[in-house]
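Colleague: here's a sequence, model it:
(chains A and B)
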There are 2 protein chains.
Amino acid sequence: MPAAKLDYAGLLRADLPPAAVKYAGFPKYNFVGGHNDAESVPVDGLRAAADAVLAREGRTLATYSLTSGPQGYLPLREFLVRKLKADAGIDCTADEILITGGSSQGMNLINELLIGPGDTAIIEQANYGGAITRLKRAKANIVAIPVDKDGMDVAALSKALDDLKAKGIRAKYIYTIPTVQNPTGTVMSEGRRREILALSAKHGVPIYEDDCYSDLTFSGVRPAAFYGLAGAGNNQVIHIGSFSKSIAPALRLGFLVASWPLMGQIIALKNDAGSGSLEQMVMAEYAAKHFDGHVKALRTRLKRKADVLVEAVSAEFGTAAEFDKPVGGIFLWIKLPDHVDTRQLFQAAAKAGVAINPGPEWAVGEDYSKSRLRLCFANPTEAQIREGVAVLADVCHKEFGVPLRGRNVGR
Amino acid sequence: MPAAKLDYAGLLRADLPPAAVKYAGFPKYNFVGGHNDAESVPVDGLRAAADAVLAREGRTLATYSLTSGPQGYLPLREFLVRKLKADAGIDCTADEILITGGSSQGMNLINELLIGPGDTAIIEQANYGGAITRLKRAKANIVAIPVDKDGMDVAALSKALDDLKAKGIRAKYIYTIPTVQNPTGTVMSEGRRREILALSAKHGVPIYEDDCYSDLTFSGVRPAAFYGLAGAGNNQVIHIGSFSKSIAPALRLGFLVASWPLMGQIIALKNDAGSGSLEQMVMAEYAAKHFDGHVKALRTRLKRKADVLVEAVSAEFGTAAEFDKPVGGIFLWIKLPDHVDTRQLFQAAAKAGVAINPGPEWAVGEDYSKSRLRLCFANPTEAQIREGVAVLADVCHKEFGVPLRGRNVGR
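Modeller: As a prediction, this is how the structure comes out:
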């Protein structure tokens, strides 16, 4: 009997995102995705941690959320209490931390808590693509604020809040990636953070702080987080972070910091019966001993790759590529000449085995985004970075006539 | 400076579920939740698996989804291809399997794919509480079909489909837990499965098959899954399953089986950047060698606990408690006399340290559910089962005058 084929017309919801295609492996030159440096994965440390924690507490895997409750493995939350205090100036308790499946789950929970159709979200103009697609899918009204080398433009934010107020609209949040902004790679000063906190308080609009790259400043120093500046027990800031960038992205571990009773509302929305416990156990065991040393070494390797990418882009694109040298993170945000459409470049580059993020996927506003692109540099090897940028420059020259000159003959 | 306190009235979405309270540990006698037998967690096997797979492939943690793409770690999907063929008669490829964060994520994805406000879902009257709450939150119209010792009542299903058709309504799915039904603990015969498949084809309504307890028939045998009976490549059935019940619930690993192009739509909805990869790697490594032997031993332990619970309930409640002896799984579904309101019993029992699932949380319809309750037996020890049931009988006697007599003096 052949398999029955139902007609799904009328069954599928009308507002589904575009269907995925079958996975065909990574491209040869992969400059997209928050992947990390494979050589830096602390394999031996994770092995030792897994063995120790399973031997000691493995039987607790028999209960959902181990014996720690829905907010996640308590030793991991206790590690974060210490880490967030030391690194980000955040004064919180383990009760104010929720372990999530990556910071992306934190993002989903915050949107589910606050954003309904037609609600207004204020975000940075250049932004994480997944933040933009989530808001569009939630049918939110997006208000985009320009960014500069110091992050979100405070004057523009103030004006946007005033304009909304004049229309009787209270935005649901101000979303910012202040420390190693995605995709610009900038770090917002403490002074600007305080100005934005004041605007948030004045307008009664919470700040949703995404600190998922904040461990990766190349200098190893960073300003206090918004959550820290707002003070212990505040409900002005909801903070999310991640171990994806500092340890390994395939371990799906992030966290959310919020005060009660807000936290109680957020927990109620997390209907996944807990985040993966083995990953939490291994991370807690590993991080308590090795986190700082590991991240210090990782920063050095990432800075080296950033230098290689900057050098390659400068050599291959010359003055056709404008960018601020990143001060941390894993990406470079590049402006090409105005006539370059990076969506077209994305298509042509893909055929040549080079994956890039076209600006319109990583920013709001056609004028701003059309000629920009993001290149991620943590995962490719140094040789792949150099070769891939050369191929990209060739493709760009063929499609758009720029760069006019470069290292290669015949362009 | 004291922390700023924003007023969240007008910020929070109007339709949020009730807020969670702070976790206070497990109750003394815990008869709720899909927890498992702690002594059965295969700690040594998991340790060996973690060490081996990390040593061999640990560096792949540097990329989201390792090198396997968004459907999950390929060796785990390949294990499932073999297992589903051998155990459930399902003929599928690794491309037709999506690894999920527990079967609960599969449930969310299927609802997101199909259920919008006002859509109709057909479900079994006695049901997993989380399935009911999810459908209510999605503002679905729930049509509940009675269940008997052989599972979903086919005549009632046929009539419900006809009634809907007369109203011009095509239900979005028929949701069933055919193999070790939750909470009744029954197994649907192959004959009834074929009848339901025929109704599904006739009405063009897909079957959503939840097989998450199907490894736990005490006999070790089970009928072919709906997905298997529908044939390779069918789009009539979407199948979900889990490792939560067979290995450990705190490992958040489930799976979804669906044919393409349906699978492409489902992948597009899974916006979590992949399920936890370490858990997938460890599970694949462990399961390929040890799954069958482990589950065989687990079934024996669970059957023993089921026997202890049945014996305790019979001894303490006598004829006041009616139930079918479960043929698998981890729960007992009990009917108490009509005047017993198990929501009130739930409250009184909680004060005495006994956690139960009141019927109205685990079934649809006040008349059917009011005097029923679910007791889960996998996690408590045999002594806790006996003591807890005795305490519950005391509480029930005090609240409702039943059971009239039992083992204890003075009731």
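Colleague: just read off the phi/psi values of A:Asp338.
Modeller: According to degrees, to the nearest 10, the main-chain angles of A:Asp338 amount to phi -60, psi -30.
Colleague: spatially nearest residue to it (excluding sequence neighbours)?
Modeller: Closest residue to A:Asp338 apart from its sequence neighbours, by Cβ to Cβ, 6 or more residues apart in numbering or on different chains: A:Ser371 at 5.5 Å. For the C-beta atoms, the positions are set from N, CA and C on the backbone; glycine is no exception.
Colleague: so how far is A:Asp153 from that neighbour?
Modeller: Between A:Ser371 and A:Asp153 the distance is 20 Å, computed by Cβ to Cβ, to the nearest Å.
Colleague: for the two, indicate the residue with more neighbours.
Modeller: Looking at A:Ser371 and A:Asp153 with other Cβ atoms under 10 Å in any protein chain shown, you find the greater number of neighbours at A:Ser371, namely 21 against 17.
Colleague: all strands of the stretch 1-150 of chain A, in order?
Modeller: Listed in chain order, the strands of the stretch 1-150 of chain A (DSSP state E, counting those that start in this stretch) span A:29-30, A:97-100, A:120-124, A:141-145, A:147-148.
Colleague: nearest to B:Gln71 among these would be which one?
Modeller: With Cβ to Cβ, the closest approach to B:Gln71 among these belongs to strand A:29-30: 18.6 Å.
Colleague: partners of the closest one, with directions?
Modeller: Note on strand A:29-30: by DSSP bridges, its sheet partners are strand A:354-355 (parallel).
Colleague: ok, residues contacting the strand it pairs with?
Modeller: For strand A:354-355, the surrounding residues in contact (Cβ atoms under 8 Å, 6 or more residues apart in numbering or on different chains) are A:26-32, A:349, A:388, A:391-392, A:395.
Colleague: of those, keep whichever come out buried.
Modeller: Neighbour-count burial within those applies to A:26-27, A:29-32, A:349, A:388, A:391-392, A:395; the criterion is 16 or more other Cβ atoms under 10 Å in any protein chain shown.
Colleague: now, which of those residues sits nearest B:Glu112?
Modeller: Taking Cβ to Cβ as the measure, B:Glu112 sits nearest to A:Val32 out of those, at 25.2 Å.
Colleague: who are the contact partners of that closest one?
Modeller: Contact analysis of A:Val32 by Cβ under 8 Å, 6+ apart lists A:355-357, A:374, A:376.
Colleague: so who does A:Ala306 touch?
Modeller: If you count contacts by Cβ under 8 Å, 6+ apart, A:Ala306 has them with A:218, A:325-326, A:332, A:377.
Colleague: any of the residues you listed buried? List them.
Modeller: For those, burial is judged from neighbour counts taken by 16+ other Cβ under 10 Å, and it is met by A:218, A:326, A:332, A:377.
Colleague: pLDDT check: weakest of these?
Modeller: Across those, the member with the lowest pLDDT is A:Pro326, scoring 94.
Colleague: wasn't it part of a helix?
Modeller: No - assignment of A:Pro326 by DSSP: H, G, I helix; E, B strand; the rest coil gives coil, placing it outside any helix.
Colleague: which SS class is A:Phe255?
Modeller: Under three-state DSSP, the three-state class of A:Phe255 is strand.
Colleague: I'd like to know how many residues surround it.
Modeller: A count of nearby residues for A:Phe255, using other Cβ under 10 Å, gives 27.
Colleague: so it sits against A:Leu98, correct?
Modeller: Yes - in this structure, A:Phe255 sits in contact with A:Leu98. The criterion is Cβ atoms under 8 Å, and the distance is 6.5 Å.
Colleague: which residues do the two both contact?
Modeller: Here A:Phe255 and A:Leu98 have A:72, A:106 as joint contacts, going by Cβ under 8 Å, 6+ apart.
Colleague: give me the neighbour count for A:Arg193.
Modeller: By the other Cβ under 10 Å criterion, the neighbourhood of A:Arg193 contains 25 residues.
Colleague: any idea which element it lies in?
Modeller: With elements taken from DSSP states H and E, the one containing A:Arg193 is helix A:190-203.
Colleague: just checking, what packs against that helix?
Modeller: Applying 3 or more Cβ pairs under 8 Å, 6 or more residues apart in numbering or on different chains; DSSP states H and E, we find helix A:190-203 packed against strand A:151-152, helix A:154-166, strand A:173-176, strand A:207-210, helix A:226-230.
Colleague: from the chain's centroid, how far away is the last one?
Modeller: What it means is helix A:226-230. Remark: helix A:226-230 is offset 19 Å from the chain centroid, using Cα atoms, centre = their mean, to the nearest Å.
Colleague: roughly how far is stretch A:259-270 from the heart of the chain?
Modeller: Taking the mean of its C-alpha atoms, stretch A:259-270 sits 22 Å from the chain's own mean (Cα atoms, centre = their mean).
Colleague: pull the CA atoms of that stretch into CSV?
Modeller: Extracted in CSV, the C-alpha atoms of stretch A:259-270 (Å, rounded to 0.1, in the frame of the first residue of the first chain):
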residue,chain,number,x,y,z
SER,A,259,14.2,40.2,39.5
TRP,A,260,11.0,38.8,41.0
PRO,A,261,8.1,38.9,40.4
LEU,A,262,9.1,39.4,36.8
MET,A,263,11.1,36.2,36.9
GLY,A,264,8.0,34.2,38.0
GLN,A,265,6.2,35.3,34.8
ILE,A,266,9.2,34.4,32.7
ILE,A,267,9.6,30.9,34.2
ALA,A,268,5.9,30.2,33.5
LEU,A,269,6.5,30.8,29.8
LYS,A,270,9.5,28.4,29.7
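Colleague: anything in that stretch near chain B?
Modeller: Yes - applying Cβ under 8 Å from any Cβ of the partner chain, one finds stretch A:259-270 in contact with chain B at A:259-262, A:264-265, A:267-269.
Colleague: stretch A:217-228 now?
Modeller: No - when contact is scored as Cβ under 8 Å from any Cβ, no part of stretch A:217-228 falls within range of chain B; the minimum is 10.0 Å.
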